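Engineer: quick one, fold the following:
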Amino acid sequence: MISRNSRYRRADVYASRDPARAERPIEGVAPHAAGELTVRREHRVVEGERLDQLAHRYYGDPLKYWLICDANDAIFPEDLMVPGRVLRIPRNRL
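Structural biologist: Predicted coordinates for the structure are as follows:
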């Protein structure tokens, strides 16, 4: 279920076509298809950094960590925080 506060609320939502779910359909989101990425800059991860800290540094909002996740094809934020890894930092968007 997609909450009204979700960043996916405007994404391509589709209803399940499973006949077994006819009485109680499920709404889902089409898989993420990344568009052209406009990279603002890159950041080399240092031991002890967190993704919310990077989002605050680059966007002024720690809750925009998902921009960095999307730009680096990561589902789990902690997968990105490997010391020495270079992250793509995309431009801010609403």
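Engineer: buried set for stretch 60-72?
Structural biologist: By neighbour count with 16 or more other CB atoms under 10 Å, stretch 60-72 contains the buried residues Lys64, Tyr65, Leu67, Ile68, Cys69, Asp70, Ala71, Asn72. Heads up, the C-betas are built off the backbone N, CA and C, glycines and all.
Engineer: ok, residues contacting the longest helix seen in the chain?
Structural biologist: For the chain, the helix that runs over the most residues, judged by DSSP state H, is helix 51-59. By CB atoms under 8 Å, 6 or more residues apart in numbering, the surrounding residues in contact with helix 51-59 are 40-41, 43, 61-65, 67-69, 77-78, 80-81, 87, 89, 92.
Engineer: can you do 6 Å?
Structural biologist: Applying CB atoms under 6 Å, 6 or more residues apart in numbering, the external contacts of helix 51-59 come out as Pro62, Lys64, Tyr65, Pro77, Ile89, Asn92.
Engineer: gap between the residue lying closest to the first one once chain neighbours are set aside and Tyr58?
Structural biologist: Right, the one you point to is Pro62. Leaving aside its sequence neighbours, Pro62 sits nearest to Asp52 (CB to CB, 6 or more residues apart in numbering; 3.9 Å). Computed as CB to CB, to the nearest Å, the Asp52 to Tyr58 distance reads 11 Å.
Engineer: having no further points to raise, I will conclude here.
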